[in-house]
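Student: Any chance you can model this:
(chains A and B)
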Amino acid sequence: MTVGLFIPCYVNQFYPNAAKATLELLQKFGVNVVYPIKQTCCGQPMANSGFEYLSQDCNEIIIENFSGFDYVVGPSASCVLHIKEHLHSEKNEKQAASIRTKIYELVEFLTDVLKVEKLDAAFPHKVGLHHSCHGLRGLHLSQMSELNAPPFSKPQHLLNMVKGLEQITLDRLDECCGFGGAFCVTEEAVSVKMGKDRVTDHTKNGAEYITSSDLSCLMHLEGILHRNKSSVKIIHIAEILNATV
Amino acid sequence: MSQAKTKDHATLAGAFIKDEERVDWHDGALWYIREKRDIASKQIPEWEDLREAASQIKSHVISNLHEYLLQFEENLKKNGIIVHWADSAEEHNEIVYSILKAKEINQMVKSKSMLTEECGLNEYLEERGIEVVNSDLGEYIQQIDNEPPSHIVLPCIHKRKEEIGELFHEHLGTEKGLSDPTLLTRVARKHLRNIFLTRRGALTGVNFAVAETGEYVVCTNEGNADMGAHLSEVQIASMGLEKLIPQKNHLGIFLRLLARSATGQPITIYSSHYRKPRKGQEMHLILVDAGRTRQLGRADFRDSLKCIKCGACMNTCPVYRKSGGLSYHNTITGPIGAILAPNLDMRKHADLPYASTLCGSCSNVCPVKINIHEQLYKWRQEIVKEGYATKAKSLGMKTMAWTLSSPGKFTTAGKAGRWFLDKVPFVVNNKFNPWYKQRDMPEAPKESFEEWYNKKEKKD
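Tutor: Numbers count the residues shown, from 1 in each chain, chains lettered A, B, ... in the order given. Presented below is the predicted three-dimensional model:
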């Protein structure tokens, strides 16, 4: 099995450790991972602002990079969802359609494709799990609190396998953090207030770390934590699942 | 000459958020209702099936609107109800005025009608010497404060009881400082009783209009629709074209969904069915288009017409809870308002589809399964296509797209995160950057993942 590693632009630039952990984790499970070096962006920043028509070049680059693999895996639910829902190409629609079905967010790839039931990981800390909206309501990584349907959680399932890790319970299970792409600057006041309230939910319930399968949410929460000199840290879920003592 | 421009959502929300303690209270009050909704919906095993059934019935209605409207009209007439058709808000207001004028009525009591708010009926009638009193307590409070409703089900949810006490002191002569909700409600009730007893004209909205029987249903918790209607000589109902359901037994689906979604109640206290005028009473029903058929013609947005106005999307929306309904500067506020409003005036409401993180919670609570967040995304594309995006935003997006359009440009620009620091708004470290106002930027690492990977590959 050969997996094309999709590392979103901002993860590449700002959170290389999450990308390294993703690579190492996949390799631990015997997956042959290839990182195509000519990657840029999934196009979501333009598309979510209403400029989807400007994201066509990004689409073509994705198709060029990832057409040859059995699976495409990325450590960002939001970018993966965007590709799943919006990757199209007049020139190469067949390849686009194929990528839309074979792209996975890391957590769902581990639970659904590799069917991971055991992890050699340890992270002796209190951790709060932040469900990114795109992971939750877009990719259905966990059951959504609004629905009358049986509960499940793929990230929780994996975190339960990590030695020493204690998951804290939040007052609001799956509320949005307020990042929202360009929303974080165009609606700065609302965005920050939403982020502050999410941070408070985690801190008052005793989290030492906030984790998620989306670094965009975490980048926003980290910005608020730092500014308020909090000792609580953010960490991508791949880094926890890849952590050893 | 400068023209007064409506402030946009971000500006109005920014002003609302300045009083953080109030925001927390507002957020908590609405979250409490969301939780009540969750509990109520989870007590019914078939909840998701009910949503699906309601969604399909409404889809069927808006796909066959023509037939159902004609059937409804025919049955209304059989029941002795006088039917009017209004193409626009203005026409609707003219019709109401002409009905009242013919009977020399100059005072009217109103209940449960966001449509008449949308049409600006109160102002229209008042300019023509007709006094209108909104009899739903929340709307009544908003009316005496001369402010529009901030929420379609909870019109004054943004007001605290002390503020309402102050308003009552000023307008109804209650004791200064009185803010006990029960006591204030009693005062309002006494005042409204007198209104009901003396008004010859009563207007209500319509929650559900049954095509096969020519009747309509109005849901209230206060019984005020009945009080007004039963005591009136002239009873008027105003409804949007989309309020139809085919059969009476479909109410068994919609009434179960409506109150649970709205407030977590199993059903509203009153579900009043109106079918025929009493002896000596005149009943009118006005079918209003006001942009609805235009929305019906927009393939991506027509599903918004399935809305039964429960307000669940507002209660669950974190943006709504933190920014207050009035920041949406539209009669219908919140997520559903943001997909309905651009149809009415795209330029004026170009900001509303952006007042969302696209988190998707709205679509999940919607009892008729409108894909609200997907429509918000689609409205954004539409707004840009129609040229309503600001020049600065267009330029920024084009620059970003250009850089990301080839790996070469991106790698050169991206070295050590330089491109990000220059071009991506949320990492520019200065006071003009909205990201930096209340958030620190991420620390740029020594090397990007790509740089690390390339070194590693060379070594290996």
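Student: hey, where'd the strands end up in the chain?
Tutor: Reading this off chain A. A:2-5, A:32-34, A:71-74, A:103-105, A:126-129, A:166-167, A:209-212, A:233-236 (DSSP state E).
Student: that's the other chain; I wanted chain B
Tutor: B:82-86, B:107-111, B:131-134, B:201-204, B:208-210, B:215-220, B:234-240, B:244-245, B:270-274, B:282-288.
Student: Format those as a markdown table; extra columns: mean pLDDT, mean neighbour count and distance to chain A.
Tutor: C-beta: built from backbone N, CA, C; applies to glycine. Formatted as a markdown table, the strands of chain B follow (pLDDT from 0 to 100; neighbours: other C-beta atoms under 10 Å in any protein chain shown; distance: least, C-beta to the nearest C-beta, whole Å):
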| stretch | mean pLDDT | mean neighbour count | distance to chain A |
| --- | --- | --- | --- |
| strand B:82-86 | 98 | 17 | 33 |
| strand B:107-111 | 96 | 25 | 30 |
| strand B:131-134 | 97 | 20 | 29 |
| strand B:201-204 | 97 | 27 | 31 |
| strand B:208-210 | 98 | 24 | 23 |
| strand B:215-220 | 97 | 23 | 22 |
| strand B:234-240 | 98 | 24 | 26 |
| strand B:244-245 | 98 | 25 | 23 |
| strand B:270-274 | 97 | 17 | 23 |
| strand B:282-288 | 98 | 22 | 30 |
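Student: Is it possible to get TSV of those strands that adds distance to residue A:75?
Tutor: Converted to TSV, these look like this (distance: least, C-beta to C-beta, whole Å):
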stretch	distance to residue A:75
strand B:82-86	55
strand B:107-111	54
strand B:131-134	53
strand B:201-204	55
strand B:208-210	48
strand B:215-220	48
strand B:234-240	46
strand B:244-245	47
strand B:270-274	51
strand B:282-288	51
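Student: Domain parsing of chain B, as residue ranges.
Tutor: Per automatic domain parsing, the structural domains of chain B span B:9-43+B:310-389, B:53-290, B:393-459.
Student: Identify the residue spatially nearest to the most far-flung residue of chain A relative to its centre, adjacent ones excluded.
Tutor: Distance from the C-alpha centroid of chain A peaks at residue A:91, with 29.1 Å (C-alpha atoms, centre = their mean). Counting by C-beta to C-beta, 6 or more residues apart in numbering or on different chains, residue A:60 is the residue found nearest to residue A:91 once chain neighbours are left out, at 7.2 Å.
Student: so the one you found touches residue A:92, yeah?
Tutor: Yes - using C-beta atoms under 8 Å, residue A:60 makes contact with residue A:92 at a distance of 7.5 Å.
Student: neighbour-wise, which of those two wins?
Tutor: For the pair residue A:60 and residue A:92, the greater number of neighbours falls to residue A:60 (19 against 16), based on other C-beta atoms under 10 Å in any protein chain shown.
Student: ok, that one - contacts?
Tutor: With contacts defined as C-beta atoms under 8 Å, 6 or more residues apart in numbering or on different chains, residue A:60 is in contact with A:89, A:91, A:92.
Student: From the residues you listed, pick the one nearest residue A:169.
Tutor: Nearest to residue A:169 among the contacts of residue A:60 is residue A:89, at 44.2 Å by C-beta to C-beta.
Student: How much space separates the closest one from chain B?
Tutor: According to C-beta to the nearest C-beta, to the nearest Å, residue A:89 stands 14 Å off from chain B.
Student: so what's that residue up against?
Tutor: By C-beta under 8 Å, 6+ apart, residue A:89 lies in contact with A:56, A:59, A:60, A:63, A:95, A:96.
Student: Residues of the stretch 251-400 of chain B that sit close to chain A?
Tutor: For the stretch 251-400 of chain B, the residues in contact with chain A (C-beta under 8 Å from any C-beta of the partner chain) are B:316, B:318-319, B:322-323, B:353-361, B:363-365, B:377, B:380-385, B:389, B:393-394, B:397-398, B:400.
Student: per the record, what domains does chain A have?
Tutor: Following automatic domain parsing, chain A resolves into domains at A:2-113, A:126-241.
Student: In TSV: the ones you listed, plus distance to residue B:108 and mean pLDDT.
Tutor: Below are these laid out as TSV (distance: least, C-beta to C-beta, whole Å; pLDDT from 0 to 100):
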stretch	distance to residue B:108	mean pLDDT
domain A:2-113	43	95
domain A:126-241	38	97
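Student: separation between the nearest residue to residue A:16 once chain neighbours are set aside and residue A:234?
Tutor: Spatial nearest neighbour of residue A:16, chain neighbours left out: residue B:449 (3.9 Å); criterion: C-beta to C-beta, 6+ apart. According to C-beta to C-beta, to the nearest Å, residue B:449 and residue A:234 sit 17 Å apart.
Student: How about residue B:68?
Tutor: Distance of residue B:68 to residue A:234, computed by C-beta to C-beta: 53 Å.
Student: And those two? Which one has more around it.
Tutor: Counting neighbours by other C-beta under 10 Å for residue B:68 and for residue A:234 shows that residue A:234 has the greater number, 25 against 21.
Student: and the more buried one, what is it in contact with?
Tutor: Residues in contact with residue A:234 (C-beta under 8 Å, 6+ apart) are A:209, A:210, A:211, A:212, A:218, A:219, A:221, A:222, A:225.
Student: and the second one, what are its bridge partners?
Tutor: Right, the one you point to is residue A:210. Partner residues in beta bridges with residue A:210, using DSSP bridges, are residue A:128, residue A:234.
Student: Give me the buried positions along stretch A:125-144.
Tutor: In terms of neighbour count (16 or more other C-beta atoms under 10 Å in any protein chain shown), stretch A:125-144 has its buried residues at A:125, A:127-139, A:141-142, A:144.
Student: Could you identify the most distant pair in the contacts of residue A:89?
Tutor: Farthest pair in the contacts of residue A:89 (C-beta to C-beta) is A:56 and A:95. Separation: 14.2 Å.
Student: so how far is residue B:441 from the closest residue to residue B:379 other than its chain neighbours?
Tutor: Leaving aside its sequence neighbours, residue B:379 sits nearest to residue B:353 (C-beta to C-beta, 6+ apart; 3.8 Å). Between residue B:353 and residue B:441 the computed distance is 28 Å (C-beta to C-beta).
Student: neighbours around residue A:168, how many?
Tutor: By other C-beta under 10 Å, 18 other residues sit near residue A:168.
Student: Noted, bye for now.
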